[in-house]
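1. fold the following.
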Amino acid sequence: ANGSDSIVLTSEILFTKSLVIIGQFNGMDTLYLSGGKTNRIFVVNTAQKVVLDSLTFINGYAIGSSQNTRKGGAINVNNLDTLSIKNCYFKNDSAEYGGAVYGEQTIIEITQSYFINNASDFGGAVYSLSNNNTPNYVTFEESYFSNNSSMNSGGAVRFFGGECLGIINKCVFADNRAYSGGGVAARTDNLKMDIKNSTFYRNSSKINGSGGAIDIESKGNVEFEVKSSTLNQNRADQKGSVLSIAGSTAGNVDTIFVRMINSTITDNRTINGSTITLNAEDTSIVEIHSCIMGLNVDTSSFANNLT
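-> This is a model prediction of the structure:
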């Protein structure tokens with residue numbers, strides 16, 4: 001028979017081996033895994049690869065007294081070769097770090113998944129952490145992030161640590177919010193981020209915050225590319241309603257390279273600053289090719305665009 005049912009956990013489930021879990025999430029039948037707003041749902045430690053397919057995670061909760069109990073409201077993974085999430089749904093999950101998903105020293109691949117109304121202090125939906133010796137590799141494909149929030153940075157997604165490679169392709173980030181980086185935030189030593197065929201719509205940073213859609217702080221080098229994408233109606237209070245790149249508390253950015261190709265950047269609003277703000281110690285290079293830019297409201301001398 002068609003229908004939905006829920007499993008409400010009274011404690012988290014721990015996995016220490018590689019596994020594949022295929023659940024039931026489609027238009028007619030859905031099995032909900034719930035933390036009951038009192039528990040995290042899955043913890044995975046020291047395995048090679050974990051695949052989560054067609055699962056629904058709701059009401060996961062990881063806000064406790066120790067570091068380990070504050071990470072990943074639905075899923076917490078550590079020292080895993082690869083976490084692959086396919087066709088999954090995350091809603092109303094909360095934590096201090098990574099409202100829905102927290103990954104440490106782990107390659108994260110998320111495909112055709114939904115993140116709705118998740119919340120945290122850092123990384124409303126997803127938080128990825130690396131150290132200086134192990135780069136972050138995080139890929140989002142054909143996924144949807146809506147109404148996620150962070151009290152600090154990364155309303156939907158936050159990258160943190162040493163080297164980071166982030167790829168966002170065919171995704172939608174809509175109505176996410178944070179103090180800085182309403183859609184995506186990165187706090188890394190060096191960063192390479194590619195955004196393709198994606199939409200950032202109505203994301204916002206809060207009062208005195210920066211980066212309505214995307215906010216990056218780095219002490220090394222930043223390479224950022226947007227291609228065939230739309231950034232529309234994003235809002236920032238201080239700088240960079242679309243994009244802000246600046247130094248971190250650990251030091252200034254050495255070089256910034258930004259390339260925008262075949263994209264539409266319109267109707268974004270910065271109350272005190274510019275639509276795109278770059279602040280490098282040495283060199284900032286910007287290439288804009290075949291883009292539509294207009295109706296952006298800011299206070300820069302080069303209205304609509306860039307400082």
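
2. what about this protein, any weak spots by pLDDT?
-> Within the chain, the segments meeting pLDDT under 70 span 1-3, 27-28, 132, 249-251, 300-307.

3. got the contact list for the closest residue in space to F57 that isn't next to it in sequence?
-> With sequence-adjacent residues excluded and distances taken as C-beta to C-beta, 6 or more residues apart in numbering, F57 is closest to A74, at 3.8 Å. For every residue, glycine as well, the C-beta is placed using N, CA and C. If a contact means C-beta atoms under 8 Å, 6 or more residues apart in numbering, then A74 has G35, R40, I41, F42, F57, G60, F90, D93, A100, V101 as its contacts.

4. quick check: A74 vs G240, distance?
-> 30 Å (C-beta to C-beta, to the nearest Å).

5. can you check N190 too?
-> For N190, the distance to G240 - C-beta to C-beta - is 20 Å.

6. got a winner among the contacts of A74 for most neighbours?
-> When the contacts of A74 are compared by neighbour count (other C-beta atoms under 10 Å), A100 ends up highest, at 37 neighbours.

7. what residues are up against G23?
-> Neighbouring residues of G23 by C-beta under 8 Å, 6+ apart: L31, L33, L52, D53, S54, L55, T56, C88.

8. mind giving me the packing neighbours of whatever helix or strand S150 lives in?
-> Using DSSP states H and E, S150 falls within strand 149-153. With contacts taken as 3 or more C-beta pairs under 8 Å, 6 or more residues apart in numbering; DSSP states H and E, strand 149-153 sits against strand 119-122, strand 177-180, strand 184-196.

9. from the chain's centre, how far out does stretch 194-203 sit?
-> 11 Å (C-alpha atoms, centre = their mean, to the nearest Å).

10. repeat for stretch 19-34
-> The answer for stretch 19-34 is 23 Å, by C-alpha atoms, centre = their mean.

11. stretch 286-298 now?
-> Worked out by C-alpha atoms, centre = their mean, stretch 286-298 lies 23 Å from the chain centre.

12. can I get the CA coordinates of that stretch in CSV?
-> Only the C-alpha atoms of stretch 286-298 are listed here, as CSV (Å, rounded to 0.1, in the frame of the first residue of the first chain):
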residue,chain,number,x,y,z
VAL,A,286,38.4,39.7,-12.2
GLU,A,287,37.2,38.4,-15.6
ILE,A,288,33.5,38.9,-16.6
HIS,A,289,32.4,37.3,-19.9
SER,A,290,29.0,37.6,-21.5
CYS,A,291,27.2,38.3,-18.2
ILE,A,292,24.0,40.3,-17.6
MET,A,293,24.5,42.7,-14.7
GLY,A,294,21.9,45.3,-13.7
LEU,A,295,19.4,46.6,-11.2
ASN,A,296,21.8,45.9,-8.4
VAL,A,297,21.6,48.5,-5.6
ASP,A,298,24.7,49.3,-3.7
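
13. list the buried residues of that stretch.
-> Buried residues in stretch 286-298, defined by neighbour count with 16 or more other C-beta atoms under 10 Å: I288, C291, M293, N296, D298.
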